[in-house]
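In: Take this sequence and fold it.
(chains A, B, C and D)
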Number of protein chains: 2
Amino acid sequence: MTMLDERTKKILYAVVENYINFPDPVGSRTVAKSYSFGLSPATIRNVMADLEEMGFLLQPHTSAGRVPTDMGYRFYVESLVAESAFLHKEPLRELYKRLETLRDNIDILFSETTKTISTLSHYLGIAMSPKPEVTTLKKIEILKYKDDKIAAILFTDKGMIKNKVISLGAEITQKDLNRIAGYLNSEFSGHTFDEIRQKVVQEMSKEKIMCDRLISRALKICQEAFCFLYGDLFVSGLSEVLDLPDFTDLKKIKELSRAIEDKHTIIKLLDKLSELDGVQIIIGSENSMDEMKKFSIVVSACKEGDRPIGVVGIIGPTRMNYSKAIYIVDNTAKFITRMLAER
Amino acid sequence: MTMLDERTKKILYAVVENYINFPDPVGSRTVAKSYSFGLSPATIRNVMADLEEMGFLLQPHTSAGRVPTDMGYRFYVESLVAESAFLHKEPLRELYKRLETLRDNIDILFSETTKTISTLSHYLGIAMSPKPEVTTLKKIEILKYKDDKIAAILFTDKGMIKNKVISLGAEITQKDLNRIAGYLNSEFSGHTFDEIRQKVVQEMSKEKIMCDRLISRALKICQEAFCFLYGDLFVSGLSEVLDLPDFTDLKKIKELSRAIEDKHTIIKLLDKLSELDGVQIIIGSENSMDEMKKFSIVVSACKEGDRPIGVVGIIGPTRMNYSKAIYIVDNTAKFITRMLAER
DNA sequence: ATTAGCACTTAACCACTGAGAGTGCTAAAC
DNA sequence: GTTTAGCACTCTCAGTGGTTAAGTGCTAAT
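Out: The predicted structure follows:
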């Protein structure tokens, strides 16, 4: 990263912060006034011209002030993270009280979390429940449902209960189902869904096992039961962001709504980010999703050891209050992590 | 309803249809040309002035053409329904193929249905899964989960499986749970959730029963297990509607997004509508929700006998292609009904 | 009862203007 | 050598006025 002298940095930060607070391009006069540098606008102008040359700022037009580029935001955010600026504030305990009551239903928990986040931040709140790949099976129960249909109930370690109706093609007694469940529990409980899927494929290739009708049936059930693809994605707060001055442009609103309707792509993105520790920030053009190149994402994975058990975050304009966003996301992620750990 | 002579009606319909197809106020010239009334613009003008006086049309400003009022749309829609205009088209079978594969998971089924509807209509697709009040319990299973926590699995007649984790405050053996489940099944299976809730309250008031610890526990479990409030609401297609000329206005977009984020209110609305038969249409100001007074709703309940088992529909601008919307909603509702009946 | 003709109204478009904000550059000051 | 005051320059924005086109309501003729 380019090295900037202290004064230049300060001015860059001043521009960024001012722009975050007031959505108009910021001029040299404003910087000189609001922040007591003891420098005249003319000097600031020179520095700002340098910053523009280096790609941290840009002018919408000749006679306007400057606006940070994505690179400018990036530099600013790095300094925030370096100083752990967001850690100095107090946690949001009172606001999580509501969430405490929802701990037993993880889907509702995550969906309410997005609402809390969006109300706090005035940006979009997002959350993704644990992806099954890394979810471990605690117990499986198989119940006869109707005719040849059975219901597989999967209990996971994190309080998620998933169920799936499976058509077998032939009737089967509850007794047999119980035996199958017993076999599957002894074989698979404690393993992640991913491992189970692999094991199933392995087992199925062994011919001798396939001769045992019960086991072969059991494996077929597994194949269907464990093919959830991803965690659920929750998004809320669209009406919040529409009040921002950044969204007076219809085109931008369309882009955003297209982006959040394409849940699959966001899920894939969050999936990658869930591997990493701490708060992750993606600013505008850094984003690989085309529709998201005008927006920023601030997320943090909830982890247990190094196993991700969910992701919470914020989507907003690149002109985002990063400090506040990081602070909210960091706190929320830690809160959820703690809550799920207590199980 | 005001009686209009045939010619006046025809002109009203012409204005409405033209406006639905081209989003500009329609003038007397256009009506005279596009539809072969054999009348001059001047005559049409007189009729249109009458229609305005009666409240079916209005002029945005003096030198503009006319636009239908909500009352105008209502009159038009009544005639559509009276003639069953939408029935003449062929069903959308090919497009439902995708939905067929999802019949075993009612939540995914409904959420995908909204997507299908919004792609077909270019408006918002909405769907509400069966509300528990009228869902009948087929079987309840209670499984030990962890410590004092148990999981109640509710099997309903329509392939919905709901589960709920309940903290009991004291450990309990699986054997006891089985006995409780047995008791509850014999007592409640076949009844609607609503009935069960009432019964539970009754039972709990009988003192002698409360002496039996097991039964009193069973009733407590029920109290918690059956307190789902409403069905889930699914909405999709926001990016579709943003392409409509009706949504160039930022204010309207905000209103719409606020309306669909306030799911609770919409659920209550759909709840009422789910009692009625056939396609229901609410036009603009007819709507009791303030945020929805600029939009129209076209919905139809999926029913089994007179028991509603879900609602599907469309939300769009009042300038909606009602004929198409009714046609899509009607077909989709019938399709889902048929599909769920086959269980 | 219908229609042609015409005066009237209004939004939309365009070109123009002046004010205001902010710049870059140069020359003076520290 | 760095900082600053001064100034000419550029560009947006809001407001103005004039023109056009669309569509009306009214009146008088058919």
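
In: Quick check: the residue of the stretch 51-200 of chain A nearest DNA strand D.
Out: A:Ser63 (2.9 Å; Cβ to the nearest atom of the strand). (Glycine included, C-beta is placed from N, CA and C.)

In: Torsion angles phi and psi at that residue?
Out: phi -100, psi 20 (degrees, to the nearest 10).

In: and it, how many neighbours does it have?
Out: Residues contacting A:Ser63 under the criterion other Cβ atoms under 10 Å in any protein chain shown number 8.

In: what about it, distance to B:Asp50?
Out: Between A:Ser63 and B:Asp50 the computed distance is 56 Å (Cβ to Cβ, to the nearest Å).

In: any residues touching stretch A:182-191, and which ones?
Out: Contact with stretch A:182-191 is made by A:136-140, A:142, A:196, A:199, A:214-215, A:218, A:221-222, as judged by Cβ atoms under 8 Å, 6 or more residues apart in numbering or on different chains.

In: which ones among those are found in strands?
Out: Per DSSP state E, strands hold the following members of these: A:Leu137, A:Lys138, A:Lys139, A:Ile140, A:Ile142.

In: Including neighbour count, distance to DNA strand D and pLDDT, could these go into TSV?
Out: Converted to TSV, those look like this (neighbours: other Cβ atoms under 10 Å in any protein chain shown; distance: Cβ to the nearest atom of the strand, whole Å; pLDDT from 0 to 100):
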residue	neighbour count	distance to DNA strand D	pLDDT
A:Leu137	23	58	86
A:Lys138	18	59	84
A:Lys139	20	62	84
A:Ile140	24	62	87
A:Ile142	24	65	86
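
In: Contacting chain B as well, which ones from these?
Out: Among these, the residues within reach of chain B (Cβ under 8 Å from any Cβ of the partner chain) are A:Lys139.

In: so where is chain A shaky, pLDDT-wise?
Out: In the predicted model of chain A, residues A:1-2, A:88, A:158-159, A:207-212, A:227-230, A:343 satisfy pLDDT under 70.

In: List, one by one, the residues from it near DNA strand C.
Out: Within chain A, the residues that sit near DNA strand C (Cβ under 7 Å from any atom of the strand) are A:24-30, A:41-42, A:45, A:48-49, A:52, A:59, A:62-66.

In: 6 Å instead, please
Out: Within reach of DNA strand C by Cβ under 6 Å from any atom of the strand, chain A has these residues: A:Gly27, A:Ser28, A:Arg29, A:Thr30, A:Ala42, A:Arg45, A:Met48, A:Ala49, A:Ser63, A:Ala64, A:Gly65, A:Arg66.

In: The residue lying closest to the first one once chain neighbours are set aside: neighbour count?
Out: The one in question is A:Gly27. Leaving out its chain neighbours, the residue that sits closest to A:Gly27 by Cβ to Cβ, 6 or more residues apart in numbering or on different chains is A:Gly65, at 3.6 Å. Neighbourhood size, A:Gly65 [other Cβ under 10 Å]: 19.

In: again, but for A:Asp271
Out: The number of residues packed near A:Asp271 is 16, by other Cβ under 10 Å.

In: ok, it to DNA strand C distance?
Out: Per Cβ to the nearest atom of the strand, to the nearest Å, A:Asp271 is found 42 Å from DNA strand C.

In: Quick check on that residue: phi, psi?
Out: Torsion angles at A:Asp271 (phi, psi; degrees, to the nearest 10) stand at phi -60, psi -50.

In: How about it: what's its closest non-neighbour residue?
Out: A:Lys131 (6.3 Å).

In: my read: the one you found touches A:Pro308, true?
Out: Yes: look at A:Lys131 against A:Pro308 with Cβ atoms under 8 Å: they come within range, at 7.4 Å.

In: shared neighbours of the two, which are they?
Out: Jointly contacting A:Lys131 and A:Pro308 under the rule Cβ under 8 Å, 6+ apart are A:Ser274.

In: So A:Phe335 sits against A:Arg98, correct?
Out: No: A:Phe335 is beyond contact range of A:Arg98, at 11.6 Å (criterion: Cβ under 8 Å).

In: Report the buried residues of stretch A:67-86.
Out: Neighbour-count burial for stretch A:67-86, counted by 16 or more other Cβ atoms under 10 Å in any protein chain shown, picks out A:67-77, A:80-81, A:86.

In: ok, now stretch A:24-44?
Out: In terms of neighbour count (16+ other Cβ under 10 Å), stretch A:24-44 has its buried residues at A:Pro25, A:Val26, A:Gly27, A:Ser28, A:Thr30, A:Val31, A:Ala32, A:Tyr35, A:Phe37, A:Leu39, A:Ile44.

In: now stretch A:134-151
Out: Buried residues in stretch A:134-151, defined by neighbour count with 16+ other Cβ under 10 Å: A:134-145, A:149-151.

In: Need the phi and psi values for the nearest residue to A:Phe193 once chain neighbours are set aside.
Out: Spatial nearest neighbour of A:Phe193, chain neighbours left out: A:Pro132 (4.3 Å); criterion: Cβ to Cβ, 6+ apart. Per-residue torsions, A:Pro132: phi -60, psi -30 (degrees, to the nearest 10).

In: Any idea how many residues pack against A:Pro132?
Out: Using other Cβ under 10 Å, the number of residues around A:Pro132 comes to 23.

In: where's it relative to DNA strand C, distance?
Out: Distance of A:Pro132 to DNA strand C, computed by Cβ to the nearest atom of the strand: 52 Å.

In: Verify the contact between that residue and A:Gly231 for me.
Out: Yes: between A:Pro132 and A:Gly231 there is a contact at 7.1 Å, judged by Cβ under 8 Å.

In: Pick out the most distant pair among the ones in strands among the contacts of stretch A:182-191.
Out: A:Lys138 and A:Ile142 (14.6 Å; Cβ to Cβ).

In: Stretch A:250-266 vs chain B: in contact?
Out: Yes: using Cβ under 8 Å from any Cβ, we find that stretch A:250-266 touches chain B at A:Leu250, A:Ile253, A:Lys254, A:Ser257, A:Arg258, A:Glu261.

In: Using CSV, write out every CA atom in that stretch.
Out: C-alpha atoms of stretch A:250-266 as CSV (Å, rounded to 0.1, in the frame of the first residue of the first chain):
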residue,chain,number,x,y,z
LEU,A,250,-33.8,4.6,-9.6
LYS,A,251,-31.1,2.7,-11.3
LYS,A,252,-29.2,2.1,-8.1
ILE,A,253,-32.4,0.8,-6.4
LYS,A,254,-33.0,-1.6,-9.2
GLU,A,255,-29.4,-2.9,-9.0
LEU,A,256,-29.8,-3.4,-5.3
SER,A,257,-33.1,-5.2,-5.5
ARG,A,258,-31.8,-7.4,-8.3
ALA,A,259,-28.8,-8.2,-6.2
ILE,A,260,-30.7,-9.2,-3.1
GLU,A,261,-33.2,-11.2,-5.1
ASP,A,262,-30.4,-13.3,-6.5
LYS,A,263,-29.9,-15.0,-3.2
HIS,A,264,-28.0,-17.8,-4.6
THR,A,265,-25.0,-15.6,-5.6
ILE,A,266,-25.0,-13.8,-2.3
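
In: who's in contact with the residue lying closest to A:Gly169 once chain neighbours are set aside?
Out: Take A:Gly169 and drop its neighbours on the chain: the residue closest to it by Cβ to Cβ, 6+ apart is A:Asp148, 5.8 Å away. Contacts here follow Cβ under 8 Å, 6+ apart; on that basis A:Asp148 touches A:Ser167, A:Leu168, A:Gly169, A:Ala170, A:Glu171, A:Ile172.
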